[in-house]
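Q: Any chance you can model this:
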Amino acid sequence: MTCFVTGASGFVGANLVHELVARGHHVKALLRPQADTRGLAGAEYEPVPGDLLDPRAKLTAAMRGCDWVFHVAASYSLWLPDYAPMFRANVDGTRNVLEAAHAADVPRTVYTSTVGCIGLPRPGADGQIIPTDESTPVAEAQMSNPYKLSKWRAEVVARELAAAGHRIVVVNPSAPIGPRDVKPTPTGQMIVDFLNRALPAYLDTGLNWVHVRDVAVGHILAAEKGRLGERYILGSPTGNWTMKQALDLLAEITGLPAPGFRVPHAVALAAAHGSELWARFTKQPPKAPLAGVRMAAYKMWFNPEKAIRELGLPQTPPRQALVDAVTWFQEHGYDRKRTHRSKAP
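A: The predicted model follows:
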């Protein structure tokens, strides 16, 4: 297959390119001139200079003859002095890419959304958190920050185009971790901070942790088997962990002590308000974005059984994902202290 990938230099995108190449597919990677391509090292691909907001005719010409398009690219930030460029990239850019793929008569397009567009879990009758799935009701009003809102509107575009006959499948990754997290992502940065003993405390939150390789393979399976117009959570049913559980596992893997102090949510919220107020004057990102603290008030646990059942989504143990992430960060010098190495294989 000939595949066109946007966001190929990002965390999920780079792992997707490697998985496609490993399967013998030819990859055309849309890359901006300033793209950091370290995550693509070792993969053979055809670079396509360009941007999500390029004239549609240019994108269509680049996609013509492709079997699959993977629209992975997105602008991600929990704080910006101006959110308009993020909305242009995520919403207008998504429409531009998906309509270009349709004009190029691409047989199958996979759009990468986020579990942020899935309804949040609620406590059951016994107080236990019940992970939600693709059928959980959700509305735009529940999108609590500009990033989530921009991705919600982009997914609405994808689903509307699918309903109009465009051959689109939507995937919603949860919290991927693993190798090639070059920048790194917020979850990767938490691991890096842990390795550098720069994580003195934690918030009582929860994520659905999943190996980035499974997310990448899930994209390919969505192209092969996904039902048009459907969306699939790419996560792990055994990866619904509290932050304390994840940190305790990191301690076991690395031999480093886990932070023992849990920051009360009200304290974190007050600190975030102060941090953002200061950021307005400095124009520098706050150390504690308000959006991140607000999201941490929820256990973001999800049920990916639909993707496992319909796509055959692989299920690498999330603990192995942590091991692989730690190993990759250590091998690439992200642990500045370098006084320790993982204990677990």
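Q: Residue ranges in the protein under the pLDDT threshold?
A: Scanning the chain for pLDDT under 70 picks out 291, 337-345.
Q: If we go by neighbour counts, what in the one helix or strand Ala57 maps to is buried?
A: Using DSSP states H and E, Ala57 maps to helix 56-63. Applying a neighbour-count criterion of 16 or more other C-beta atoms under 10 Å, one finds Arg56, Leu59, Thr60, Ala62, Met63 buried in helix 56-63. (C-beta placed from N, C-alpha, C; glycine too.)
Q: May I have that helix as PDB, with CA atoms only?
A: Extracted in PDB, the C-alpha atoms of helix 56-63 (Å, rounded to 0.1, in the frame of the first residue of the first chain):
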ATOM      1  CA  ARG A  56      -6.200  21.700  -1.200                       C
ATOM      2  CA  ALA A  57      -5.200  21.100  -4.800                       C
ATOM      3  CA  LYS A  58      -1.600  20.700  -3.700                       C
ATOM      4  CA  LEU A  59      -2.500  18.200  -1.000                       C
ATOM      5  CA  THR A  60      -4.800  16.300  -3.400                       C
ATOM      6  CA  ALA A  61      -2.000  16.000  -5.900                       C
ATOM      7  CA  ALA A  62       0.300  14.600  -3.200                       C
ATOM      8  CA  MET A  63      -2.300  12.100  -2.200                       C
END
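Q: List the pairing partners of the next helix or strand along the chain from it within its sheet, with orientation.
A: Remark: after helix 56-63, the chain's next helix or strand is strand 68-71, criterion DSSP H and E. Strand pairing for strand 68-71, determined by DSSP bridges: strand 2-6 (parallel), strand 108-112 (parallel).
Q: helix or strand right after strand 68-71?
A: Toward the C-terminus, strand 68-71 is succeeded by helix 84-87 as the next helix or strand (DSSP H and E).
Q: Can you tell me the number of residues neighbouring Gln320?
A: 14 (other C-beta atoms under 10 Å).
Q: does the residue lying closest to Gly119 once chain neighbours are set aside count as helix, strand or coil?
A: Once flanking residues are discounted, Gly119 sits nearest to Thr136: 3.3 Å by C-beta to C-beta, 6 or more residues apart in numbering. Applying DSSP: H, G, I helix; E, B strand; the rest coil to Thr136 yields a three-state assignment of coil.
Q: How much space separates Thr136 from Ala103?
A: 34 Å (C-beta to C-beta, to the nearest Å).
Q: Switch the buried residues of helix 56-63 over to a markdown table; also include distance to Met243.
A: Listed next are the buried residues of helix 56-63 as a markdown table, based on distance: C-beta to C-beta, whole Å:
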| residue | distance to Met243 |
| --- | --- |
| Arg56 | 42 |
| Leu59 | 40 |
| Thr60 | 44 |
| Ala62 | 41 |
| Met63 | 40 |
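Q: Between those residues, which sits nearest Tyr147?
A: Leu59 (23.7 Å; C-beta to C-beta).
Q: Please enumerate residues in contact with stretch 100-107?
A: 4, 56, 59-61, 63-69, 71, 109, 161, 166-167 (C-beta atoms under 8 Å, 6 or more residues apart in numbering).
Q: got it, and stretch 75-95?
A: For stretch 75-95, contacts defined as C-beta under 8 Å, 6+ apart pick out 52-53, 71, 73-74, 111, 145-147, 150-151, 153-154, 157-158, 161, 186, 276, 279-280, 283, 285-286, 289-292.
Q: Which stretches in the chain count as helices?
A: 11-22, 56-63, 84-87, 93-103, 146-163, 186-195, 212-225, 243-254, 265-282, 290-295, 305-311, 318-331 (DSSP state H).
Q: Among those helices, which comes closest to Ile130?
A: Taking the helices of the chain one by one with C-beta to C-beta, helix 305-311 is closest: 13.0 Å.
Q: on contacts alone, who are the packing partners of the closest one?
A: Counting contacts by 3 or more C-beta pairs under 8 Å, 6 or more residues apart in numbering; DSSP states H and E, helix 305-311 is packed against helix 212-225, strand 231-234.
Q: okay, the ones you listed, which one's buried deepest?
A: strand 231-234 (a mean of 28; mean count of other C-beta atoms under 10 Å).
Q: partners of that strand, with directions?
A: strand 168-173 (parallel).
Q: could you give the angle of the partner strand to helix 11-22?
A: When axes from the mean of the first three to the mean of the last three C-alpha atoms, to 10 degrees is applied, the directions of strand 168-173 and helix 11-22 differ by 120 degrees.
Q: rewinding a little: now the strands paired with strand 68-71 as a markdown table including distance to Val21 and mean neighbour count?
A: Below are those laid out as a markdown table (distance: least, C-beta to C-beta, whole Å; neighbours: other C-beta atoms under 10 Å):
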| stretch | distance to Val21 | mean neighbour count |
| --- | --- | --- |
| strand 2-6 | 9 | 25 |
| strand 108-112 | 17 | 27 |
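Q: Need those in TSV (columns: distance to Pro85).
A: Conversion of the strands paired with strand 68-71 to TSV gives the following (distance: least, C-beta to C-beta, whole Å):
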stretch	distance to Pro85
strand 2-6	16
strand 108-112	19
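Q: Go through those strands and name the closest to Glu331.
A: Closest approach to Glu331 among the strands paired with strand 68-71 is made by strand 2-6 (24.8 Å; C-beta to C-beta).
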